[in-house]
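K.L.:
Sharing a sequence plus its predicted fold:
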Amino acid sequence: MEAPAAPAAPAEGSPVPGLYHHPVPEPDPVRVAEVGRRIKSWALDEVELYPEDWEDQFDGFSVGRYMVACHPDAPTVDHLMLATRLMVAENAVDDCYCEDHGGSPIGLGGRLLLAHTALDPLHTTKEYQPRWAESLHSDAPRRAYRSAMEYFHGAASPSQADRFRHDMARLHLGYLAEAAWAQTDHVPEVWEYLAMRQFNNFRPCPTITDTVGGYELPADLHAGPAMQRVIALAGNATTIVNDLYSYTKELDSPGRHLNLPVVIAEREGIADRDAYMKAIDVHNELMHDFEAEAAALAAACPVPSVWRFLRGVAVWVDGNHYWHRTNTYRYSLPDFW
Ligand SMILES: CC(C)=CCC/C(C)=C(\C)COP(=O)(O)OP(=O)(O)O
């Protein structure tokens with residue numbers, strides 16, 4: 001039995017002015033602490049995720065607060081841990097293969113494909129199978145994906161696991177397009193950037209909301225075009241939130257890092273501030289469309305698992321905004337107001 005939550009002190013951080021969003025209740029501090037304790041033990045003892053000197057960054061990521069805010073309906077901390085391990089593993093791949101911690105666009109396709117086999121296993125001959133199995137222990141991203149997926153399989157149905165693998169393949173495709181453009185120093189048109197970011201996207205996180213909530217949205221209801229549109233709009237809004245909150249972090253990082261305001265400024269020839277404001281408008285339109293389409297789907301399909309899933313996605317969207325707003329260790333707003 002979990003102890004009742006003490007009232008949490010409100011977290012700091014200001015929202016992007018003019019950004020359409022919904023505030024969320026402060027995440028249960030007892031759950032946040034327990035998820036934080038368990039994820040550290042998993043990262044250090046089970047998958048040897050990071051060296052000691054990355055500990056501050058791991059703590060600064062505040063993944064416990066993130067996942068508790070995004071999944072308030074998780075029946076237990078074990079359910080929350082499914083999402084938390086995957087979130088940490090996804091960020092390990094992004095950091096170690098693509099970005100901050102030794103990542104590079106060069107050779108990314110090979111690294112991502114081999115890591116993807118930790119989620120979608122190789123089926124091959126007896127001679128080659130053991131070499132592949134060993135490879136899953138050979139670096140931190142693969143150890144993390146392998147272990148997080150093993151736990152996920154313990155709770156997800158086959159179709160929920162397959163949905164997740166499909167979303168991860170989409171994510172890896174998005175990473176590859178971003179890397180290809182970085183290699184050739186290409187700035188895409190705004191719509192092309194938005195297409196890339198629909199794949200290099202938070203989508204794999206909200207779409208596990210039913211597994212984390214301990215129920216299942218049946219595969220055919222997930223696959224319907226109206227549900228697919230709702231999920232895509234939600235994923236796109238959450239990902240533009242990341243572009244807006246991480247704008248200054250990305251400007252400070254070496255080289256040119258594409259994000260929506262940067263691409264709008266460059267391709268539409270407008271000032272940085274105006275481009276940032278336009279990116280806010282893009283986000284707000286996506287959010288309004290997401291909410292309108294989700295409401296229409298809920299009205300057209302009065303099935304309890306559909307309603308709960310749509311609510312779970314909406315709550316994930318709000319929790320994601322909360323985490324970006326309050327993560328002042330990682331993000332700060334530009335001086336545009
Ligand atoms: C957790 C997950 C599935 C992430 C995949 C996509 C991703 C890394 C983001 C949407 C975050 O984008 P970015 O790499 O730009 O993040 P930071 O700005 O470094 O926080």
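P.N.:
Structure received. Quick caveat, the model's predicted, so the values are computed rather than measured.
K.L.:
where are the low-confidence patches of the chain?
P.N.:
For the chain, the stretches flagged by pLDDT under 70 are 1-11, 100-102.
K.L.:
Which single residue of it ends up nearest the ligand?
P.N.:
Ser246 (3.1 Å; C-beta to the nearest ligand atom). Placement of C-beta: from N, CA and C, glycine included.
K.L.:
Spatially nearest residue to that residue (excluding sequence neighbours)?
P.N.:
Tyr331 (5.7 Å; C-beta to C-beta, 6 or more residues apart in numbering).
K.L.:
distance of that neighbour from Trp191?
P.N.:
26 Å (C-beta to C-beta, to the nearest Å).
K.L.:
out of the two, which sits in the more crowded spot?
P.N.:
Per other C-beta atoms under 10 Å, whichever of Tyr331 and Trp191 has more neighbours is Tyr331, with 18 against 9.
K.L.:
Next, that one: secondary structure please.
P.N.:
coil (DSSP: H, G, I helix; E, B strand; the rest coil).
K.L.:
Same question for the one 4 residues further on.
P.N.:
Secondary structure assignment for Asp335 (three-state DSSP): coil.
K.L.:
Quick one: neighbours of it, just the number.
P.N.:
7.
K.L.:
one step back: burial measure for the residue of the chain closest to the ligand, as a count.
P.N.:
Neighbours of Ser246 (other C-beta under 10 Å): 18.
K.L.:
That one reaches Pro334, doesn't it?
P.N.:
No - look at Ser246 against Pro334 with C-beta atoms under 8 Å: they stay out of range, at 10.8 Å.
K.L.:
what's the nearest residue to Ser332 if we skip its chain neighbours?
P.N.:
Thr248 (5.3 Å).
K.L.:
count of neighbours near the one you found?
P.N.:
Neighbours around Thr248, by other C-beta under 10 Å: 13.
K.L.:
One more: Val88?
P.N.:
Around Val88 there are 22 other residues, counting by other C-beta under 10 Å.
K.L.:
which SS class is it?
P.N.:
Per three-state DSSP, Val88 ends up helix.
K.L.:
which ones are touching Leu112?
P.N.:
93, 97, 172, 175-176 (C-beta atoms under 8 Å, 6 or more residues apart in numbering).
K.L.:
now, among those, which is nearest to Phe152?
P.N.:
Val93 (15.1 Å; C-beta to C-beta).
K.L.:
Give me the neighbour count for the closest one.
P.N.:
As a burial measure, Val93 scores 26 neighbours (other C-beta under 10 Å).
K.L.:
So it sits against Tyr145, correct?
P.N.:
Yes - with contact defined as C-beta under 8 Å, Val93 counts as touching Tyr145 (6.8 Å).
K.L.:
tell me how far the ends of stretch 21-29 are from each other?
P.N.:
Between the start and the finish of stretch 21-29 there is a gap of 22 Å, counting by C-alpha to C-alpha, to the nearest Å.
K.L.:
Off-centre distance for it?
P.N.:
The chain centre lies 18 Å from the centre of stretch 21-29; the measure is C-alpha atoms, centre = their mean, to the nearest Å.
K.L.:
At the geometric centre of this structure, which residue sits there?
P.N.:
Phe202 (3.4 Å; C-alpha atoms, centre = their mean).
K.L.:
possible to save the contacts of Leu112 as CSV with secondary structure and distance to the ligand?
P.N.:
Shown next, in CSV, are the contacts of Leu112 (DSSP: H, G, I helix; E, B strand; the rest coil; distance: C-beta to the nearest ligand atom, whole Å):
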residue, secondary structure, distance to the ligand
Val93, helix, 9
Tyr97, helix, 11
His172, helix, 10
Tyr175, helix, 8
Leu176, helix, 13
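K.L.:
Glu192: neighbouring residues, count only.
P.N.:
15.
K.L.:
now the strands: where do they sit in the stretch 1-150 of the chain?
P.N.:
Under the criterion DSSP state E, counting those that start in this stretch, the stretch 1-150 of the chain carries no strands.
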